[in-house]
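K.L.:
Coordinates for the following, if possible.
(3 chains)
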Amino acid sequence: MQKNIICVSCPMGCGITVELNDNGEVVSVSGNTCKRGDAYARTECTNPVRSLATTVKVDGGIHNVVPCKSAGPIPKARMMDCMNEIAKAEVKAPVILGDILIENILGTGINIVATNHCPAK
Amino acid sequence: MNYDVAVIGAGVVGSLIARELSRYNIKIALVEKCSDMAMGTSKANSAIVHAGFDAKPGTLKAKLNVKGTELMPELCKTLFVPFKPIGSLVVAFSDEEMETIKELLNRGVENGVPGLEIYDKAKLREEEPTISDEAKGALWAPSAGIVCPYELTIAAAENAVMNGAEFIRNFEVKKIDFNGKEFTISNGETSFNTKYVINAAGVFCDEIAALIGDNSIHTVPRKGEYMLCDKSIGYLAKHTIFQCPSKMGKGILVTPTVDGNLLIGPSALDIEDKTDVATTSEALADILEIAKKSVPCLNTREVITSFAGLRAHCDKDDFIIEPSEKNEQFINAAGIESPGLSSAPAIAVYVKDMLLEKLNAEEKADFIPSRKEPVRFRHMSNEERKALIEKNPAYGRIICRCETITEGEILDAIHAPAGARDVDGVKRRTRAGMGRCQGGFCGSKVVEILARELGVELNEITKCGGSSKILYERTK
Amino acid sequence: MLNYDIVVIGGGPAGMAAALKAKECGVDSILILERAETLGGILEQCIHTGFGLHYFGEELSGPEYADRFIQLVNEKKIEYKVDTMALQITESNVVYAVNKEDGLLEIQAKAVILAMGCRERPRGALNIAGTRAAGVMSAGTAQKYVNIDGYMPGKKVVILGSGDIGLIMARRMTLEGAEVKVVCELMPYSSGLTRNIVQCLDDFGIPLRLSCTVVEIHGKDRVEGVTIANVDEKLRPIKGTEQYIECDTLLLSVGLIPENELTREVGIELDPVTKGAVVDEFRETSHKGVFACGNVLHVHDLVDYVTLESQTAGEGAAKYVLGKKDAPEYITTKGVNGVRYIVPQKVNIKNDDDVKLYFRVGQTYKNAKVVVKYNGNEIISKKRPRLAPGEMENVVIKNDILKSFAADGVIEISVEA
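P.N.:
Numbers count the residues shown, from 1 in each chain, chains lettered A, B, ... in the order given. Below is the predicted model of the structure:
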């Protein structure tokens, strides 16, 4: 099987073709112009990951929500599941930037952390 | 509830009539189907106070235009409404059009318009340096001016309310019954009674009249589209620049506005839908092309917004201001198209006189002719600003950056008699959101202030009433 | 009347970086004026990550990037006033500002740093026909509603403009449960980063229509739909390609304009292309002692570059205050053949450092050459694998070369395909 992807490692945006065998293993990578492209293409075809940024509901804060992010990349396929999980959460103000809001979200080993302060009202 | 008079329609005509009547000890209802006054023709027109040479001598239009224009400066001063007596020019581009403007001059003289004069090419270019080289001359009318039409409407309604009139918003008149003595006016859910009705419903005048079986009025909405340009090119016109009129109206004009922007338009197209105020790319392109005939250096780069309004054109070709043939307690003020704005102060007096003949009313001793002068932070000196903020810190917080509008001014707009209830209402009263960013920054702040002051959630605030909500539910 | 050595107008990334640098250079009397309730500027609502890769070598969200500078401003005890709007700068560098607590402030500054940022182009500038229903807003306004206020501004969304804010909001709205129907781009290419096209659109199957625009907005009270159409090479809609798309919201991401009202009023010379002030290598404007940096000077694609540029302006303002800025002898810079603009527009040849010239191209190039000429003679030539309008480029003029120039000379940068 062949997969065509656009590399986002740098602004060049190389079109990379990845050849996969029936077990989903990478056979060859072509079209990249650097090593980073090769690595990106391999990950993107086998286990694509993304960092997630959204908000968490705050109780008693100056705003309704506080921004947060995944402290590391999470599997791309689990992004919407994580969003649903985050939607259930509610934290009490004050929130400090860096606070862990959800630990090990959905067993991914990744924490959801606050990316701003939200003082109490 | 029982009223002596119900004015249907809170446009400039209805609001000024309500104010004129509020001088007397009668109970008045000013009824409006929208969430605010000035939501129809009164908010989207050329904003010109015409000198009065267009209308045929002897018509109501001719008589009330000249009278209204005469009353306008003093009225605006009393109500703190921006008005500028800048004069107007009707430009002629051919020998034939030079003849036309001479005819207009003669007609104007017959109508009693003061100070009319024919400018030759040299004088015209001296007075209006951006004018096209093709122009051969112009009719100069010094009594013409520009006014802020929605502020005039709002000020009039506000003042009427201060004098006891009741402003009933979001009330669409659907049924009018008459029991031989008085009317029952209903929106299908609630109703009130009134002895007299004044039909000032603009493009909907025919439908309101039809509710009492009066089918004599035929309103044709005639759409006019405009482009509004940034203040940085407001200097391109010193006066209101008309071209020669046609049977569809006064043609495309180029004019400064009272706020210093430049206004180009309107197109003229008869349409069917009385709520269709969508702009079209064709009309906008056309008006620019035609306007360039007057002022060739115009372009679209400085356009900050475009809009359309509907003229309440009637097939009778004159204002219809008289008791209905079906019921003499029902007075129509219909077909008020251009020069309706100019005539409105005179129409109000005319209708009042008509009503006083029927109604036994006494003038109030305590009538308040003026409203509270609106704070206009942007026009103040730094000393005045300092004193103002010391008295009320809310004037120290700028909400709209483009127009320098303070939180204090927005609070005043919300808490005024018959005050603003939505974002556009705040905008028309304060200019917040009317600048070059068109509410990009201040829009969300205005929503916040409205929600706080009215004690509702952010997502209950609308742009202009009805279902024009700005926000849906909370994200979480 | 208050007195400060430096008044910084704007407490976003540009203003904070400039103030911090000026402090580092030995100026203690500094005041930052910020119109919002907190320092941080627009970064406060840019909750996505991708900031700081160049400057900090890590991937931060907007608020995190801003917070690093806010902490430093507090640590270095730089004075600031929030919820404070600058109204006017006079000929003699007196700044008038207002807020609720102090009322009208009158501040005499030795130097002023303009860091007011930019704003989004509104609908009016596009002259889109149709109604004026609720539900048409700039992508940035929507971003504020979602990320700060926590409200959804719409459910079914069309986005016009594929700049980065538009792309970011396409993902953000989708994550929060909205359906983004299409992103339309007038140009035949997107001005957004490839990374954003992949991760904000492709990841969610959101179509990007190039050479396509919104020609009409429908709906009486709230938007009910839009008509989109393809455009020809002159960017005019092509008749017959119209397509109606049902939606309740139209987000506009159609460009940013530096906010130069104050600049214009004090009579500072503006560059018609950048829409920002004409500046020298320390970002001093045509008005003595007034400096400009960040998006008020020219719109940047990366905040990291805003920080760097603002540090330059902060250093320049400090030099000016401390009397270390020499009487200049200027050469001018000029973008030609594919180079839309260069900042700075003039360079003092008596300067003792290397000078970095930032520029932007007008179209995409592959394997092109950037050529720098002085009075017509080539002095630098560099191969670039890729040049794009969305990505700011730079070249460095070494000080020894600069020293060899004569006053009133001209540096030209061009692209050779």
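
K.L.:
Outline the domain layout of the chain.
P.N.:
Just going to use chain A. Chain A breaks down into these domains under automatic domain parsing: A:2-46, A:53-114.

K.L.:
Correction: the question concerned chain B.
P.N.:
B:2-42+B:150-218+B:316-358, B:84-145+B:220-313, B:377-460.

K.L.:
Of all those domains, which one is nearest C:L126?
P.N.:
The closest of the domains of chain B to C:L126 is domain B:84-145+B:220-313. By CB to CB, the value is 9.0 Å. C-betas here are computed from N, CA, C, even on glycine.

K.L.:
gap between the two ends of the closest one?
P.N.:
With CA to CA, to the nearest Å as the measure, domain B:84-145+B:220-313 spans 27 Å from end to end.

K.L.:
returning to what we had before: let's have the domains of chain A in a markdown table, adding distance to B:K67, mean neighbour count and mean pLDDT.
P.N.:
Compiled in a markdown table, the domains of chain A are given as follows (distance: least, CB to CB, whole Å; neighbours: other CB atoms under 10 Å in any protein chain shown; pLDDT from 0 to 100):
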| stretch | distance to B:K67 | mean neighbour count | mean pLDDT |
| --- | --- | --- | --- |
| domain A:2-46 | 69 | 15 | 89 |
| domain A:53-114 | 56 | 18 | 97 |
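
K.L.:
Redo the ones you listed as TSV? Include distance to chain B.
P.N.:
Output for those, formatted as TSV (distance: least, CB to the nearest CB, whole Å):
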stretch	distance to chain B
domain A:2-46	27
domain A:53-114	5
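
K.L.:
Tabulate these in JSON lines, adding columns for distance to C:G240.
P.N.:
Shown next, in JSON lines, are those (distance: least, CB to CB, whole Å):
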{"stretch": "domain A:2-46", "distance to C:G240": "32"}
{"stretch": "domain A:53-114", "distance to C:G240": "38"}
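
K.L.:
Let me know the pLDDT of the residue most central in space within chain A.
P.N.:
Central residue of chain A (CA atoms, centre = their mean): A:S51, 2.0 Å from the mean position. Listed pLDDT for A:S51 reads 94.

K.L.:
tell me the contacts of it?
P.N.:
A:K69, A:S70, A:G72, A:P73, A:I74, C:T49, C:E59 (CB atoms under 8 Å, 6 or more residues apart in numbering or on different chains).

K.L.:
Keep only those of these that are in strands.
P.N.:
Using DSSP state E, the subset of the contacts of A:S51 located in strands is A:K69, A:S70, A:I74, C:T49.

K.L.:
Of all pairs in those, which one is the farthest apart?
P.N.:
A:I74 and C:T49 (12.4 Å).

K.L.:
And the nearest residue to B:I233 once chain neighbours are set aside, what's its pLDDT?
P.N.:
Closest residue to B:I233 apart from its sequence neighbours, by CB to CB, 6 or more residues apart in numbering or on different chains: B:E302 at 4.8 Å. Per-residue confidence (pLDDT) for B:E302: 84.

K.L.:
and B:E302, what is it in contact with?
P.N.:
B:E302 neighbours (CB under 8 Å, 6+ apart): B:C229, B:D230, B:S232, B:I233, B:L262.

K.L.:
Does chain A have contacts with the helix or strand where C:S381 lies?
P.N.:
Under the criterion of DSSP states H and E, C:S381 resides in strand C:377-387. Yes. Strand C:377-387 reaches chain A (CB under 8 Å from any CB of the partner chain) through C:P385, C:R386.

K.L.:
Which parts of chain B are helices?
P.N.:
B:12-21, B:60-79, B:95-111, B:121-127, B:149-162, B:205-210, B:281-294, B:340-358, B:382-391, B:407-415, B:423-430, B:442-454 (DSSP state H).

K.L.:
Just put those in a markdown table and tack on mean pLDDT and distance to B:K181.
P.N.:
Listed next are those as a markdown table, based on pLDDT from 0 to 100; distance: least, CB to CB, whole Å:
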| stretch | mean pLDDT | distance to B:K181 |
| --- | --- | --- |
| helix B:12-21 | 98 | 20 |
| helix B:60-79 | 97 | 30 |
| helix B:95-111 | 96 | 41 |
| helix B:121-127 | 96 | 58 |
| helix B:149-162 | 98 | 25 |
| helix B:205-210 | 98 | 20 |
| helix B:281-294 | 93 | 48 |
| helix B:340-358 | 97 | 13 |
| helix B:382-391 | 96 | 51 |
| helix B:407-415 | 98 | 38 |
| helix B:423-430 | 97 | 36 |
| helix B:442-454 | 96 | 39 |
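
K.L.:
now, of those, which is deepest in the fold?
P.N.:
Neighbour counts (mean count of other CB atoms under 10 Å in any protein chain shown) averaged over each of the helices of chain B peak at helix B:12-21, with a mean of 30.

K.L.:
got the angle between that helix and helix B:60-79?
P.N.:
Helix B:12-21 runs at 60 degrees relative to helix B:60-79, counting by axes from the mean of the first three to the mean of the last three CA atoms, to 10 degrees.
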